[in-house]
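Participant: Sequence and predicted structure are below.
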Amino acid sequence: MPADEQVALAAESFRMLADPTRIRVLWALLQGESSVACLAELTRAAPTAVSQHLAKLRLAGLVTGRREGTFVYYSAANEHVRALLSQALFHADHLDRDIPAGSTTPHGRGSPAATPDR
């Protein structure tokens with residue numbers, strides 16, 4: 001059984017991913033570093049909303065920020081975030097297309113990791 005602290009941290013990470021805008025923000029950040037304004041445009045959300053989501057994701061350890069002058073550029077914290085989001089989207093794709101749980105599809109063409117509009 002995992003330690004209580006691990007369970008609490010994992011639950012917090014999942015809680016942070018329980019919002020469609022945050023998933024879109026993280027997906028965009030997995031493509032590369034970005035500013036709030038660019039993320040707002042990509043996610044079709046207001047910059048103030050994106051900024052609030054980024055603050056929560058940063059506190060949860062899922063994103064990091066780098067200041068350059070008056071701008072802050074955000075990126076995904078590490079490869080664990082990539083794997084977590086990729087697996088969540090892969091699972092969602094299987095549910096959406098009613099693919100049996102034992103089926104595996106390599107990440108690539110047609111997988112959620114390759115189709116950000118899904």
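Facilitator: Received it, and whenever you're ready, just let me know what you need.
Participant: For the host helix or strand of Glu41, buried residues please.
Facilitator: Secondary structure assignment for Glu41, by DSSP states H and E: helix 36-43. Residues of helix 36-43 classed as buried by neighbour count (16 or more other CB atoms under 10 Å): 36, 38-40, 42-43. C-beta here means a position set from N, CA and C on the backbone, and glycine is covered the same way.
Participant: got those residues as a markdown table, with distance to Leu85 and pLDDT columns?
Facilitator: Putting the buried residues of helix 36-43 into a markdown table (distance: CB to CB, whole Å; pLDDT from 0 to 100) gives the following:
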| residue | distance to Leu85 | pLDDT |
| --- | --- | --- |
| Val36 | 19 | 97 |
| Cys38 | 18 | 97 |
| Leu39 | 15 | 98 |
| Ala40 | 19 | 97 |
| Leu42 | 15 | 96 |
| Thr43 | 14 | 95 |
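Participant: helices or strands up against the worst-scoring helix or strand of the chain on mean pLDDT?
Facilitator: One helix or strand of the chain scores below all others by mean pLDDT, DSSP states H and E: helix 79-96, with a mean of 92. The elements that helix 79-96 packs onto, with contact taken as 3 or more CB pairs under 8 Å, 6 or more residues apart in numbering; DSSP states H and E, are helix 20-31.
Participant: rerun that using 10 Å as the cut-off
Facilitator: Here helix 79-96 touches helix 4-16, helix 20-31, strand 71-76, going by 3 or more CB pairs under 10 Å, 6 or more residues apart in numbering; DSSP states H and E.
Participant: Give me the residue ranges of the protein where confidence is low.
Facilitator: 102-118 (pLDDT under 70).
Participant: Once you drop chain neighbours, what's closest to the residue nearest to the spatial centre of it?
Facilitator: Centroid-nearest residue in the chain: Leu26, 3.0 Å away (criterion: CA atoms, centre = their mean). In this structure, Leu26 finds its nearest non-sequential neighbour in Leu85, 5.3 Å apart by CB to CB, 6 or more residues apart in numbering.
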